[in-house]
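Enquirer: Dropping the sequence and predicted coords here.
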Amino acid sequence: MDIFGGLLSGFHNVFQPQVLFYCFVGVFIGTLVGVLPGIGPVGAMSILLPSTFGLPPATSIIMLAGIYYGAQYGGSTTSILVNIPGEASSVVTCIDGYQMAKRGRAGPALGISAFGSFIGGTFSIIALMFLVYPLAGVAVKFGPPEFFALMCLAMTVLTYLTSGSVINAVFMVLLGLILGVVGMDPISGMPRFVFGCTTLLDGVGMVPVVMGLFGIAEVLTNLDESQGKVMFQTRVKDLFPNLQDWKRSIGPIWRASVMGFFLGILPGGGAAMSTFLSYTTEKRLSKHPEEFGHGAIEGVAGPETANNAAAGGAFVPLLALGIPPTAIMALLLGALVIHGVTPGPLLLSQHPEIFWGVVASMYIGNVMLLGLNLPLIGMWVKVLKIPYRLLMPLILLCCLIGSYAENESGMSIVIMVIFGVVGYILRKFHFESAPLILAFILGPIMETNFRNSLIMSDGSFAIFVTKPISLILLIISALLFMSTGFSTYRKTKTKVIDESESEG
Amino acid sequence: MKKENLIVTCFWLALGVFVVSYSYRLGLGQIHTPGPGLFPFAVGGLFILLSLFKLLVALVKKVKDDEEQKTGVSALNVGKLCLVVASLFAYGILLEPLGYIITTFFIMAVLFFASGYKSWSKALGYSAIVVVATYFMFTYLGTRFPPGVLRYFGMY
């Protein structure tokens, strides 16, 4: 199937009333959790995952994906109006977005971030469409050694992209790998790290782990932090940026679209990283760098575009290779597997309706989001005013129901709470949960491919370096590991954060 | 190196030692047929190496700690945290024997109280509303809740 034929069939699927409805539900919930503090897209998706089991696979993925990119839109609202980033990828928006709001320009800030998000999102869908095909074509030729090398590369990139200390990130990756081992050994069937607990034989469930580390831990952290948030009192008017605003924003939007998309492909914090990169680039290119930090519209347009473009880019490795680059993509992978669909190079030929359905739904979803976010901004502002003491119990209940519903067992609630406590403690000691989750998901794939390679080669490690693709991938990861190239990025990032803290 | 970081590193070291010894007993297999313990053994080994490295660095030169962020939690919040965590655990254990409606009603009341509603009547009222609303919503979505003790009264 060629690209245009595929896209046409995708649109054909999406325009069915039921699919349109679930797409709308997805982007609506996405915006809602993006706006609400204390629950992110990961939590929302894992809560709703069980309720999508009854839907056809394409529809369920369309809805879950809608939550993901919808949250990127919603996150900008809180950053601009309340100076609270919904998640890491909207931290940068706070710097200039909040300053704009303070100067009575909340409207144009919200407007440009919605339009920028729309353009970035659309760009990344188009790029995704053209990139997944050739990539999947190459990946069909991948055997166990190539996949093992690819996993090594993914883990290396992952540790470099975390915002905290690299050693801490490596610890988290290792912890995730060990967690992934728990359960029955996929090759010999031997129970490992089970300690006589039958629930653990199937491995530690992904949904309880993700919900514990992201949902419960988040609530627990919020519990002991001050809850007094000052809502910025302003009337939001003039949502449409004026000509001057557009002139200043159009360059940043295009640059951020490209940057965001390609960084989004990388495993780990691609979205967050692209926003930092876009901000620093625009500051350097700008004729008025002194305006940055005091309400420069470029500082909103660029990062907001970048995180949406990155959201699209993250789909590339999932759809083409079956490798989730972020915790959210890992959840989507889990959803696909539950529906009996194996993501990977063969997804395109075996289930074209899923791929094209998701792509087409993203076009529609982006249009819906534009409609949801601009005219209805007043409603989201009201949502922001819901007190946290009312939200907190409800968020916890949703986590409880979500983890129970996954396999109707009280044990998964207990596991989730354990991981919630673990996640809380890790946060207190400045360890990030994202590398842990990814290693936990990728670990079993990595191990199976590692052992299968050794079986294939009759015990010779040479198999990893005699295959050209695997050799190249391993060399890249080795170089990455040794290079200090990323240190410049790390420094700039800290600088951006420091500046925002001293000025904000 | 701060004392708490030292404790954390020692914890990782201990975990590494445990993983290595456990996976050694699982059987490393031969190089032609790698056993179930080989992969965790390697990961555990890396754990040990990394924590030893971190300890060594800390001992050789006095590392200045940039991360002077507060990790402390105030006493009031410790109580609140424990209450929330304990009630969540209790929910996981009691949900199946007691059923959705009863357990959820009680945990919501506790959570509303912990999150700052001072009057019990308000907390109980809100939790009653939440239980009824979520019950119908999630049953509609296809979730099957455990009936628990209510089944004896023929209420299901």
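Expert: Received it, and whenever you're ready, just let me know what you need.
Enquirer: From here on, just use CA atoms for contacts and neighbour counts.
Expert: OK.
Enquirer: quick check, A:Ala154 in a helix?
Expert: Yes - under DSSP: H, G, I helix; E, B strand; the rest coil, A:Ala154 falls within a helix.
Enquirer: and the stretch 101-250 of chain A, which residues reach chain B?
Expert: A:167, A:171, A:174, A:177-178, A:181, A:185, A:187-188, A:190, A:192-193, A:220, A:223-224 (CA under 8 Å from any CA of the partner chain).
Enquirer: For A:Leu32, which residues are in contact?
Expert: Neighbour list for A:Leu32: A:Ala71, A:Gly74, A:Trp380, A:Val383 [criterion: CA atoms under 8 Å, 6 or more residues apart in numbering or on different chains].
Enquirer: quick one, helices of the stretch 301-450 of chain A?
Expert: Along the stretch 301-450 of chain A, the segments classed as helices by DSSP state H, counting those that start in this stretch run A:315-321, A:327-338, A:347-350, A:352-373, A:377-384, A:388-407, A:410-428, A:434-456.
Enquirer: Show me which of the ones you listed has the highest average neighbour count.
Expert: Highest mean neighbour count of those: helix A:315-321, a mean of 26 (counted as mean count of other CA atoms under 10 Å in any protein chain shown).
Enquirer: between the contacts of A:Leu32, which is closest to chain B?
Expert: A:Val383 (18.1 Å; CA to the nearest CA).
Enquirer: my guess is the closest one meets A:Leu36, correct?
Expert: Yes - judged on CA atoms under 8 Å, A:Val383 makes contact with A:Leu36 at a distance of 7.3 Å.
Enquirer: Show me the two of the contacts of A:Leu32 that sit farthest apart.
Expert: The span of the contacts of A:Leu32, defined through CA to CA, is set by A:Ala71 and A:Val383 at 14.2 Å.
Enquirer: So which bits of stretch B:123-140 are buried?
Expert: B:Ala123, B:Leu124, B:Tyr126, B:Ser127, B:Ala128, B:Val130, B:Val131, B:Thr134, B:Tyr135, B:Phe138 (16 or more other CA atoms under 10 Å in any protein chain shown).
Enquirer: tell me the least confident of the residues you listed?
Expert: Of all these, B:Phe138 has the smallest pLDDT value, namely 76.
Enquirer: Run the angle between the strand or helix carrying that one and helix A:388-407 for me.
Expert: Here B:Phe138, judged by DSSP states H and E, is contained in helix B:120-140. Going by axes from the mean of the first three to the mean of the last three CA atoms, to 10 degrees, helix B:120-140 is angled at 30 degrees with respect to helix A:388-407.
Enquirer: Tell me the helices and strands packed up against helix B:120-140.
Expert: helix B:100-114 (3 or more CA pairs under 8 Å, 6 or more residues apart in numbering or on different chains; DSSP states H and E).
Enquirer: what about the helix it packs on and chain A, any contact?
Expert: Yes - using CA under 8 Å from any CA, helix B:100-114 reaches chain A at B:Met108, B:Leu111, B:Phe112.
Enquirer: Mind giving me the ChimeraX command for buried ones among those residues?
Expert: Restricted to buried positions by 16+ other CA under 10 Å, the ChimeraX selection for the residues of helix B:100-114 next to chain A reads:
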select /B:108,111,112
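Enquirer: Now the residues of helix B:100-114 next to chain A in a markdown table, please, with extra columns for pLDDT.
Expert: Below are those laid out as a markdown table (pLDDT from 0 to 100):
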| residue | pLDDT |
| --- | --- |
| B:Met108 | 90 |
| B:Leu111 | 88 |
| B:Phe112 | 88 |
